[in-house]
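**Student:** need the 3D shape of this:
(chains A and B)
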Amino acid sequence: QKEVEQDPGPLSVPEGAIVSLNCTYSNSAFQYFMWYRQYSRKGPELLMYTYSSGNKEDGRFTAQVDKSSKYISLFIRDSQPSDSATYLCAMNDSWGKLQFGAGTQVVVTP
Amino acid sequence: EAQVTQNPRYLITVTGKKLTVTCSQNMNHEYMSWYRQDPGLGLRQIYYSMNVEVTDKGDVPEGYKVSRKEKRNFPLILESPSPNQTSLYFCATRPIREGMQNEKLFFGSGTQLSVL
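**Tutor:** All right, here's what the predicted structure looks like:
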């Protein structure tokens, strides 16, 4: 069983809709939770980072962490065609070893 | 401009022909790492390096070698490539700061390798 599970999609939404992405994990030692965005033919770029449980908001993006359920989410409000990309969750423990989810492909149609 | 440069971007080769994928960074980062990305499997770490002359295996090191003779360069070597090494490869770097385990990874643009 993988330590980090993420639905690969694709997830297709109309422009302006809310995009909801999530990952589940099995390792209770994970403390740092990240979302990377990867455009086609590019390397991933860090989008959001959260530590432990709670919410974090940055513009149209909200990241949520529920450590009791071992579940993290990313919400994109007012989605735009430029949000079309693959979104990868990532997490690590205090030793810093990073584990990535498989990535969810998101397509926002005009 | 902060950059992680990988070469080549695309490579088609045949089984058994040794190849090297280069990675260079201009950010003076201590940590460098290689990942491969396969559909449904996400990013898996091949090797990483904490500093010059310090390298260690990641999750999928079989069939790969690395070296870290200079801080800025971290080449990935496939001595005898096989078709199951066909994949998209990424080099990534980050600084190492005491007590900071969540440093952002900077990725290169990737190398698409096909082994026939």
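**Student:** make it CA atoms for all contacts and neighbour counts henceforth
**Tutor:** Fine.
**Student:** tell me which parts of chain B are close to chain A?
**Tutor:** B:39-44, B:90, B:101-102, B:104-110 (Cα under 8 Å from any Cα of the partner chain).
**Student:** sitting in strands, which of those residues do you find?
**Tutor:** Filtering these for membership in strands, criterion DSSP state E, returns B:42-44, B:90, B:106-107.
**Student:** enumerate the residues of chain A near chain B.
**Tutor:** Checking chain A against chain B by Cα under 8 Å from any Cα, the hits are A:8, A:32, A:41-46, A:92-96, A:99-103.
**Student:** may I see the ChimeraX selection of the buried members of those residues?
**Tutor:** ChimeraX command restricting those to the buried ones, with burial defined by 16 or more other Cα atoms under 10 Å in any protein chain shown:
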select /A:8,32,43,44,45,46,92,93,96,99,100,101,102,103
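**Student:** now do the contacts for the closest residue to chain B within chain A.
**Tutor:** Residue of chain A nearest chain B, by Cα to the nearest Cα: residue A:102 (3.6 Å). Residues near residue A:102 by Cα atoms under 8 Å, 6 or more residues apart in numbering or on different chains: A:5-8, A:88-89, B:39-43.
**Student:** filter those residues to the buried ones?
**Tutor:** Counted by 16+ other Cα under 10 Å, the contacts of residue A:102 give A:5-8, A:88-89, B:41-43 as buried.
**Student:** of all these, which comes closest to residue A:64?
**Tutor:** Nearest to residue A:64 among these: residue A:89, at 11.6 Å, using Cα to Cα.
**Student:** who's the closest one bridged to?
**Tutor:** When assigned by DSSP bridges, residue A:89 has beta-bridge partners residue A:35.
**Student:** buried residues in stretch B:108-116?
**Tutor:** B:108-115.
**Student:** hang on, the earlier thing: adding distance to residue A:54 and pLDDT, write the buried ones among the contacts of residue A:102 out as JSON lines.
**Tutor:** Below are the buried ones among the contacts of residue A:102 laid out as JSON lines (distance: Cα to Cα, whole Å; pLDDT from 0 to 100):
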{"residue": "A:5", "distance to residue A:54": "20", "pLDDT": "93"}
{"residue": "A:6", "distance to residue A:54": "20", "pLDDT": "94"}
{"residue": "A:7", "distance to residue A:54": "22", "pLDDT": "88"}
{"residue": "A:8", "distance to residue A:54": "24", "pLDDT": "83"}
{"residue": "A:88", "distance to residue A:54": "19", "pLDDT": "96"}
{"residue": "A:89", "distance to residue A:54": "16", "pLDDT": "96"}
{"residue": "B:41", "distance to residue A:54": "27", "pLDDT": "87"}
{"residue": "B:42", "distance to residue A:54": "25", "pLDDT": "88"}
{"residue": "B:43", "distance to residue A:54": "26", "pLDDT": "93"}
